[in-house]
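Engineer: Below is the structure, and that's it, no one-letter string:
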């Protein structure tokens with residue numbers, strides 16, 4: 001298990017309680033950059049606990065980066081934002097659960113008990129997503145992405161092989177309440193396809209007509 005939160009007191013408390021309850025916490029971090037460095041030097045954690053409001057990136061963007069690096073375990077997002085739109089954005093980014101702050105430790109433990117029972121298959125690593133610089137890297141090089149392009153790609157990579165509905169993609173990439181026309185989403189996906197070709201990615205984004213898109 002890995003825990004990422006920029007609140008030092010909360011990070012220490014969560015880590016201590018998890019270990020006392022028998023959870024194996026392999027690493028913890030207070031920023032997105034630190035999380036990526038720690039993840040690169042250790043075995044993939046079975047569960048991720050990620051705060052959304054990190055000092056250097058959005059926790060949802062970090063989730064996409066960790067997924068692209070081979071971390072396939074389920075993820076629980078922590079946030080003080082409790083609107084339906086914020087939760088939808090979190091799930092759209094590939095999270096498996098969402099817990100609003102402040103929360104009871106017992107509820108956190110109960111949710112993690114459910115998540116640790118899930119056993120995802122091994123992920124194939126061929127892309128690296130940088131959540132701070134919004135860059136995608138592959139065997140053939142690197143390409144810069146806009147924040148919206150990054151979040152669209154992260155949402156697709158997080159659910160590799162699954163069909164991601166258009167509405168889910170829109171809610172994961174654009175601010176709550178945005179009106180996203182179909183041709184606008186299609187244009188962004190076309191840009192992502194060009195970026196994937198430019199970095200030498202063997203996987204592609206396919207269109208599932210009338211539903212959405214699939215990465216794989």
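Structural biologist: Nice, I can see it. Remember, it's a predicted structure, so these values are computed and weren't measured experimentally. Numbering: from 1, shown residues only.
Engineer: Now do the helices in the chain.
Structural biologist: 8-20, 32-40, 59-68, 84-92, 105-115, 147-158, 166-173, 182-198 (DSSP state H).
Engineer: Kindly reformat these as TSV and extend each row with distance to residue 212.
Structural biologist: (Each C-beta comes from the backbone N, C-alpha and C, glycine too.) Below are the helices of the chain laid out as TSV (distance: least, C-beta to C-beta, whole Å):
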stretch	distance to residue 212
helix 8-20	35
helix 32-40	27
helix 59-68	17
helix 84-92	11
helix 105-115	25
helix 147-158	9
helix 166-173	5
helix 182-198	9
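Engineer: Quick one: residues contacting residue 50.
Structural biologist: 4-5, 35, 59, 62-63, 75-78, 95 (C-beta atoms under 8 Å, 6 or more residues apart in numbering).
Engineer: Tell me the confidence at the closest residue to residue 40 other than its chain neighbours?
Structural biologist: Nearest non-adjacent residue to residue 40, counting by C-beta to C-beta, 6 or more residues apart in numbering: residue 69, 7.1 Å away. For residue 69, the pLDDT comes out at 84.
Engineer: avg pLDDT for stretch 199-208?
Structural biologist: pLDDT averaged over stretch 199-208 gives 90.
Engineer: contacts for that stretch?
Structural biologist: With C-beta under 8 Å, 6+ apart as the test, stretch 199-208 has contacts from 126-127, 136-143, 156, 160, 163, 189, 192-193, 196, 213-216.
Engineer: Just the buried residues of these.
Structural biologist: Among the contacts of stretch 199-208, those scoring as buried are 126-127, 136-138, 143, 156, 160, 189, 192, 196, 213-215 (criterion: 16 or more other C-beta atoms under 10 Å).
Engineer: any chance of those residues in a markdown table, with distance to residue 26 and pLDDT too?
Structural biologist: Below are the buried ones among the contacts of stretch 199-208 laid out as a markdown table (distance: C-beta to C-beta, whole Å; pLDDT from 0 to 100):
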| residue | distance to residue 26 | pLDDT |
| --- | --- | --- |
| 126 | 24 | 77 |
| 127 | 23 | 87 |
| 136 | 26 | 95 |
| 137 | 24 | 92 |
| 138 | 27 | 92 |
| 143 | 31 | 95 |
| 156 | 27 | 93 |
| 160 | 23 | 86 |
| 189 | 35 | 94 |
| 192 | 32 | 95 |
| 196 | 31 | 93 |
| 213 | 33 | 95 |
| 214 | 31 | 93 |
| 215 | 27 | 93 |
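Engineer: Go through those and name the one nearest residue 117.
Structural biologist: residue 160 (21.2 Å; C-beta to C-beta).
Engineer: The closest one touches residue 216, doesn't it?
Structural biologist: Yes. Between residue 160 and residue 216 there is a contact at 5.3 Å, judged by C-beta atoms under 8 Å.
Engineer: domains for the protein, by residue range?
Structural biologist: Using automatic domain parsing, the domain ranges for the chain come out as 2-115, 128-215.
Engineer: Pull up the distance across the shortest one, start to finish.
Structural biologist: Distances were taken as C-alpha to C-alpha, to the nearest Å; on that basis the terminal residues of domain 128-215 are 15 Å apart.
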